[in-house]
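*Asks:* how would this look folded up:
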Amino acid sequence: LQLECEFLGVQISAHLAKIKESELGTVFVNYCSKMLASKRCAALPSTSISSRSLAPLRPRLSAKRSSVAAKVAVIDVTDKTFQTDVIQAPSVPVLVDFWAPWCGPCQMIAPMLDEIQAEYKDKVKCVKLNTDESPQVATDYGIRSIPTVMIFKDGKKMDTIIGAVPKASLIKAMEKYM
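*Replies:* This next block holds a predicted model:
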């Protein structure tokens, strides 16, 4: 099976050999709703899944998008706001997602951070920094590969996770500093 989506003008193609055809629509709807909720995709993606049509699934996608978006409080930080939003943050772990709009793996990790923020609420702070728009902080912390998630606590860098890792890996790393 072939899955094709377009997010922010970047064509993403993935072969989904391990997913049963009967489950593909649900998997795709969940993925798209997370992308939409993360505010990294401005509109419903144009799609093509084999010969299937997703038209019947779009109402579910819209409903899921609004329910997820209402719970999420991941904020954007920039070179100018990094000091106050991350370094001077209260004594909770701060997960900083270094990402770029053209990065496919970055698009996969963003919904996980939204979920972590929603699940842990005031116990953690998740932020995202676009490395294209704010290159100084990325340079200061030696970011050479994205996605990179850094965990800060009390103004100090505690841990670094490079690449699109499972949500459980992010949680395990984060919980060490709670």
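
*Asks:* and the helices in this structure, which stretches?
*Replies:* With helices called from DSSP state H, the chain shows them at 21-37, 58-71, 82, 104-120, 135-140, 167-175.

*Asks:* tell me the angle of the fourth one relative to helix 167-175?
*Replies:* Orientation of helix 104-120 against helix 167-175 (axes from the mean of the first three to the mean of the last three C-alpha atoms, to 10 degrees) gives an angle of 60 degrees.

*Asks:* of the helices of the chain, which shows the lowest average pLDDT?
*Replies:* Averaged per stretch, pLDDT over the helices of the chain is lowest on helix 58-71, reaching a mean of 40.

*Asks:* any idea how far residue 172 is from residue 116?
*Replies:* 11 Å (C-beta to C-beta, to the nearest Å). In short, each C-beta sits where N, CA and C put it, glycine included.

*Asks:* those two: which has the busier surroundings?
*Replies:* Comparing residue 172 with residue 116 by other C-beta atoms under 10 Å, the one with more neighbours is residue 116, at 19 against 12.

*Asks:* the more buried one reaches residue 124, doesn't it?
*Replies:* Yes - applying C-beta atoms under 8 Å, one finds residue 116 in contact with residue 124, separated by 6.6 Å.

*Asks:* what sits in contact with each of these two?
*Replies:* Both residue 116 and residue 124 are in contact with 95, 174, where contact means C-beta atoms under 8 Å, 6 or more residues apart in numbering.

*Asks:* returning to what we had before: what do residue 172 and residue 116 both touch?
*Replies:* Contacts common to residue 172 and residue 116, judged by C-beta under 8 Å, 6+ apart, are absent.

*Asks:* I'd guessed residue 151 sits against residue 177; true?
*Replies:* Yes - Residue 151 lies in contact with residue 177 (C-beta under 8 Å); the separation is 6.0 Å.

*Asks:* now do the shared contacts for those two.
*Replies:* 93, 158, 159.

*Asks:* excluding chain neighbours, what is closest to the second one?
*Replies:* The shortest distance from residue 158 to any non-neighbouring residue, by C-beta to C-beta, 6 or more residues apart in numbering, is to residue 151 (4.8 Å).

*Asks:* now swap in residue 131 and tell me
*Replies:* residue 138 (4.3 Å).

*Asks:* what's the answer for residue 117, then?
*Replies:* In space, residue 117 is closest to residue 126, 4.2 Å off (C-beta to C-beta, 6+ apart).
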